[in-house]
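# The following comprises the amino acid sequence and a computationally predicted model.
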Amino acid sequence: MSFTEVMAELPTLSVAERQILIRRALDLDETSLSPADEDEVERRLAAHRADPASALSLEEMTARLRARFNV
């Protein structure tokens, strides 16, 4: 199927089908984390598990960012 044919077919898809298509396209574009990045993610996750109270709520983080950037 050509790109033009795909584009012509898009309006006939349901919302759910388009969402699946978008997710699939994004999956193809994702790159893997480097070993150093994977280690950092694991380190941060372990730190959170060790002290879950250190996490901020979304509301608190939003308030801090708005205050910092005067939004």
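Looks like it came in fine.

# just the helices in the protein please.
For the chain, the helices defined by DSSP state H occupy 3-9, 15-29, 35-50, 58-69.

# Mind listing what's buried along the second one?
Using 16 or more other Cβ atoms under 10 Å as the burial criterion, none of the residues of helix 15-29 qualify. To be clear about C-beta, it is placed using only N, CA and C from the backbone, and glycine gets the same treatment.

# quick one on the thing from earlier: columns mean pLDDT on top of the helices of the chain, output as JSON lines?
Below are those laid out as JSON lines (pLDDT from 0 to 100):
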{"stretch": "helix 3-9", "mean pLDDT": "90"}
{"stretch": "helix 15-29", "mean pLDDT": "88"}
{"stretch": "helix 35-50", "mean pLDDT": "94"}
{"stretch": "helix 58-69", "mean pLDDT": "94"}
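
# State the distance from residue 52 to residue 46.
12 Å (Cβ to Cβ, to the nearest Å).

# what's the answer for residue 2, then?
For residue 2 relative to residue 46 (Cβ to Cβ), the value is 49 Å.

# now swap in residue 4 and tell me
For residue 4, the distance to residue 46 - Cβ to Cβ - is 50 Å.

# Okay, the nearest residue to residue 47 once chain neighbours are set aside and residue 42: tell me how far apart.
The shortest distance from residue 47 to any non-neighbouring residue, by Cβ to Cβ, 6 or more residues apart in numbering, is to residue 54 (7.6 Å). Counting by Cβ to Cβ, the gap from residue 54 to residue 42 is 17 Å.

# number of nearby residues for the residue nearest to residue 47?
Neighbourhood size, residue 54 [other Cβ atoms under 10 Å]: 8.

# I'd guessed it sits against residue 44; true?
No - using Cβ atoms under 8 Å, residue 54 is not in contact with residue 44; the gap is 10.8 Å.

# what touches both of the two?
Residues touching both residue 54 and residue 44 by Cβ atoms under 8 Å, 6 or more residues apart in numbering: none at all.

# Would you list the phi and psi of residue 55?
Main-chain dihedrals, residue 55, degrees, to the nearest 10: phi -70, psi 150.

# Cheers, nothing more for now.
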